[in-house]
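Student: Sequence below, structure please.
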Amino acid sequence: MSSLSLRPENAVVGLPLPHESAALHVTGEALYTDDLVFRTRNVLHAWPVQSPHAHARIVELRVKPAYDVPGVVRVLTAEDVPGINDAGVKHDEPLFPSEAMFHGHAICWVLGETLEAARLGALAVEVEYEELPSLVSVREAIAAGNFQGIGRHLESGDVEAAFATAPHVFEGEFEFAGQEHFYLETNAALALIDEGGQIFVQSSTQHPSETQEIIAHVLGVASHAVTVQCLRMGGGFGGKEMQPHGFAAIAALGATLTGRPVRLRLNRTQDVTMTGKRHGFHSDWRVAFDDEGHLLALEATLTADGGWSLDLSEPVLARAMCHIDNSYSIPNVRVDGRIAKTNKTSQTAFRGFGGPQGMLVIEDLLGRCAPLLGYDAMELRRRNLYQPLDSTPYGMPVRHAERLEACWSEVIENGEIARRQAEISQFNAASEHTKRAVAMTPVKFGISFNLTAFNQAGALVHVYKDGSVLINHGGTEMGQGLHTKMLQVAATTLGVPLARVRLAPTRTDKVPNTSATAASSGADLNGAAIKNACDQIRERLEQVAGGKLGIGAHDVRFVDGTVRGLTFDGETLTWEEVVHAAYFQRVQLWAAGFYRTEGLHWDANAMRGEPFKYFAYGVAAAEVEVDGFTGAYTLRQVDIVHDVGDSLSPLIDIGQIEGGFVQGAGWLTLEDLRWDESDGPNRGRLATQAASTYKLPSFSEMPEVFNVRLLEKAHEDGAIYGSKAVGEPPLMLAFSVREALRQAAAAFGPAGTSVDLGCPATPEAVFWALEKARCARLSGV
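Tutor: This next block holds a predicted model:
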C-alpha cells in the first residue's frame, strides 16, 4: 500500500462530517463575491450592451449618448484595452468584438455610479449592425460543413471485418440537447486597484490562475501584478471554469481606467444568454452484436455543438470519444469526432465534461437494440460489462473491473429488482393507461484531466506558535465539499483535532499556477498536495518530539493532538508543546506542498494511452410510472451503489451522489434548451431564459424512495487516503431514469417494441414515444 493511501489510526478522514460552511449557508451568513460590494466604497457597476442578432458585423458604435445619462462614468470599448483584446485561451474570443457572433453577445460595457445608471446608459448606446447569415442548429452547421478546432479519430480492432461477419447489425442517428448550468450564484467579479497599481480581483471562478492570466494579458501586465481570490461559489458545475475570465477582465479594466472599484454581476437573464452550456451532440452510429447479445463492433461519428468559439470543446470532444464505451467491452471500435461552429453561446465545461455525451450514445443504442435482439435491456447490459484484464478502445487497462459486477449485484440484491420486476409485470398487465418500468445502467468514468500537464497541485500550510494550523490550496469551493475534505486531510496528516485547522480562501498569491477545480480531481490533487506539505512539517516535528521523549523520530506518533511513542505507557506531549519547542529550536513550521499524478500518458493525436489515474464505478436502478394520456411520469424509486474508494467524507460523498444523479436526471428528462431557429427577427435568441421556461428538477421530481450506498472494500491504492473522486461520475447514473422511461413507453405497445425516445425525455417526448408504441399495438404491427 502506498504512503499516499495509507490511513493512520484515529484518522479524521472517513468521518461523516457536515459541510464546513453548512451553517453559514442555511443562515445566509456565507459571503459570496457580490456580497463584498457592500463592504467596498465608491463602487462602479457594469452593464453590457448586447447584440440583438445571431450574427452581425458592427458597422458603427456610438457611445456618446450614454454619457448624457446621469450617473454614467465610462463606456468600455476595444479602444480602451491596453493589452490583448481577447478573453479566451484559444485567442478566438474578442473581449470587445467587431462582429457579434450570437444573440446576446456583449459589444461593450457601461460603468455607472449605480446599476440603474449603467443599465440606462447601455440602452442609450447606439449600435449599427449589418446582419450576416447565421447557423443556429448543429444540423445546419453539419450541412454547411462549418466546423472548428481539430477533429479526432479513435480506432481499435478490425471494424470492417467485425461488421462483415456479424449476425446482427443496427444503425441509427441520435441528437440530444445541452444543459444550462443554472448555478444559484450568477457570474460575478469585483476589481480593485491599489496605489501601486496592483490589481486585486474577487471572482466567482473555478480557475483563479487562468482568470489571473487572462486579466494580465488584457491589461498588458505581468501575472504578478494581478491577484485573484475566490471566497466560494454558489455553484459552478464547470460553468465557471472558463466563462468568468472575461467578466473579471472587464471589471479589472474598468478599475484600472477609473481608479475605482468595479463590480460586475450578471443577472439571471444575462448569465443564461451570455454564457456557455453543456455541449449538445449529434451522432450517427452503427453497431454489431453476436447471437448471444455480445457487442462486436461500434462505428460512430460524434459532432459536438461548440457554439461560436472553441473554449473547451476540443477536450470535451476527446473525453466524449473516450467514454463512448461506458462500462462495456467492445472489441472493435471506430469513432470520429468533430466540433460544429454555430452562432450560439460558446459551449463549455459541464459536470462530466463530454463523458456523459459519449456514454449516452451507447446507452441509447443498447436501449433501442435490446428488444430487437430479443433481450431484456438489463440482461443485455450486464452481459457486456467489462471484465478483469479487459482494456478500453484507447488501450488503457480497466483496473478493478470486477467492481462493476459488484455494484450491479448489490443493486439487484438490495433493490429487490427481481421481485419488483414481477410486480411491475403484473401491474402493467392490469393497467391499460398507466405503465411502470425499472431499468439499470452502469457507470465507468475516468478520473484525471485529459491534458496530462493539468494533473498537478500545490498547497501552503502554516503552523503557528500556538499550535493552530492554517491551510491554503489551489482548489476552489463551489458547494461540493472540497474544503471540508481538505480540512480532514490536514488534521489526519498532522494528527491534530479538526478544530485546530482553519482554511483560507483560494488566491493566486498564496498558491500559484493552479489547475481548475474540475475533472473531479479536486480532492485527489489538492489533498495530496496538502498531505505533502503536512508530511514535511510532521517529519520536522518528529525530530523535535523524539529529542524531548528520548526516542527515535520514526517511533513518534501524532494522534488527536497528543504526541507519544509507539507504546502507550511512556511519556506524552501535547501538540502545542512540541510546536512551541520547535519554534525555539528554529525549526521551520510552514511548508509548501506539491503533487503530480504519476503514471499518466496520452497521445492526443493517436487517441492512445492511459490518460486516467483510475476509473470510478457505479450502478443505478430507477423505477418510473408513466401516464398514457399525458406522458407525465413519476420517479418511484432509485437504488444506487457507487464506488468512492475509502471515502474521505461519507456525508459529503453521499450528497454529491444524490445531487449529481438529480442534475443528470434534469438534463435527460426535463431541461430543454430552445433556440429560435426561425428566419424571423429573433433568430438565434435563446427562448428558455428563465426558470419559468427552463424547467429544473425540484422536490416534485425527487424519487419517492432514494437509496444510496457506498461500495465497501473499495480501497484505491495510490490515491489520497485510498479515496476516489465523486464530483462527476454520479451524474451519469441518471441514464437509468431515461432508460426506464423508454421501457415504460414500450410497455404500451406489443412485446419487442423498440422505442426511439427524444432527449431530454420530457413528458411531451415520452407521450409521442408511447403513442407510437400504442399505435403499433392497435395496428397489430
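Student: okay, CA-based contacts and neighbour counts for the rest of this
Tutor: OK.
Student: how far away is H642 from R399?
Tutor: Counting by C-alpha to C-alpha, to the nearest Å, the gap from H642 to R399 is 16 Å.
Student: my bad, E314
Tutor: As judged by C-alpha to C-alpha, E314 and R399 stand 27 Å apart.
Student: What of A22?
Tutor: 36 Å.
Student: So these two - more neighbours on which side?
Tutor: Using other C-alpha atoms under 10 Å as the criterion, A22 and R399 rank with R399 on top: 15 against 12.
Student: now that one, what's its secondary structure?
Tutor: Recorded secondary structure, R399: coil (DSSP: H, G, I helix; E, B strand; the rest coil).
Student: Show the contacting residues for it.
Tutor: By C-alpha atoms under 8 Å, 6 or more residues apart in numbering, R399 lies in contact with P388, L389, Y614, F615.
Student: so where's this protein shaky on pLDDT?
Tutor: By pLDDT under 70, the low-scoring segments of the chain are 780-781.
Student: Which parts of the stretch 401-550 of the chain are helices?
Tutor: Applying DSSP state H, counting those that start in this stretch to the stretch 401-550 of the chain gives helices spanning 402-414, 417-430, 482-494, 522-549.
Student: ok, and for the longest one, which residues are buried?
Tutor: Right, helix 522-549. In terms of neighbour count (16 or more other C-alpha atoms under 10 Å), helix 522-549 has its buried residues at 522-538, 540-546, 549.
Student: about what we covered before: put together JSON lines for the helices of the stretch 401-550 of the chain, with distance to V438 on each row.
Tutor: Formatted as JSON lines, the helices of the stretch 401-550 of the chain follow (distance: least, C-alpha to C-alpha, whole Å):
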{"stretch": "helix 402-414", "distance to V438": "11"}
{"stretch": "helix 417-430", "distance to V438": "7"}
{"stretch": "helix 482-494", "distance to V438": "34"}
{"stretch": "helix 522-549", "distance to V438": "34"}
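Student: Which one of those lies nearest to A377?
Tutor: Among the helices of the stretch 401-550 of the chain, the nearest to A377 by C-alpha to C-alpha is helix 417-430 (12.6 Å).
Student: Mind giving me the packing neighbours of that closest one?
Tutor: strand 434-447 (3 or more C-alpha pairs under 8 Å, 6 or more residues apart in numbering; DSSP states H and E).
Student: What residues of the strand it packs on count as buried?
Tutor: Counting neighbours by 16+ other C-alpha under 10 Å, one finds that the buried residues in strand 434-447 are 434-447.
Student: Return the residues in contact with the residue nearest to the spatial centre of the chain.
Tutor: Against the mean C-alpha coordinate of the chain, by C-alpha atoms, centre = their mean, the closest residue is R351 at 2.2 Å. By C-alpha under 8 Å, 6+ apart, R351 lies in contact with F237, G238, A519, G727, E728, L731.
Student: Between those, which sits nearest E701?
Tutor: The shortest approach to E701 among the contacts of R351 belongs to L731, at 15.3 Å (C-alpha to C-alpha).
Student: Which secondary structure state is assigned to R57?
Tutor: Under three-state DSSP, R57 comes out as strand.
Student: Touching stretch 26-37 from outside, list them.
Tutor: 21, 24, 43, 188-190, 202-204, 230-234, 263, 265.
Student: Which member of those is positioned nearest V578?
Tutor: Lowest distance from V578 to the contacts of stretch 26-37 (C-alpha to C-alpha) belongs to S21, with 30.4 Å.
Student: ok, that closest one - contacts?
Tutor: Applying C-alpha under 8 Å, 6+ apart, the residues near S21 are A30.
Student: Run through the residues that contact the closest residue to W590 other than its chain neighbours.
Tutor: Excluding its sequence neighbours, the residue lying closest to W590 (C-alpha to C-alpha, 6 or more residues apart in numbering) is H462, at 4.4 Å. Applying C-alpha under 8 Å, 6+ apart, we find H462 in contact with V469, L470, I471, L589, W590, A591.
Student: run the last query once more with 10 Å
Tutor: Applying C-alpha atoms under 10 Å, 6 or more residues apart in numbering, one finds that H462 lies in contact with 468-472, 501-502, 533-534, 537, 588-592.
Student: farthest-separated two in these?
Tutor: Checking the contacts of H462 with C-alpha to C-alpha, the most distant pair is R502 and Q588, at 19.1 Å.
Student: Between these two, which has more neighbouring residues?
Tutor: Ranked by neighbour count (other C-alpha under 10 Å), R502 and Q588 place R502 first, with 17 against 14.
Student: For D524, see how far away that one is.
Tutor: Distance from R502 to D524, by C-alpha to C-alpha: 20 Å.
Student: now A216
Tutor: 29 Å.
Student: what do you get for A516?
Tutor: According to C-alpha to C-alpha, A516 and D524 sit 13 Å apart.
Student: thinking again about what came up before, tell me which of the contacts of H462 is nearest to A143?
Tutor: Checking the contacts of H462 one by one against A143 (C-alpha to C-alpha), the nearest turns out to be N472, at 50.2 Å.
Student: just checking, the closest one touches C534?
Tutor: No - applying C-alpha atoms under 10 Å as the test, N472 and C534 come out as separate, 11.6 Å apart.
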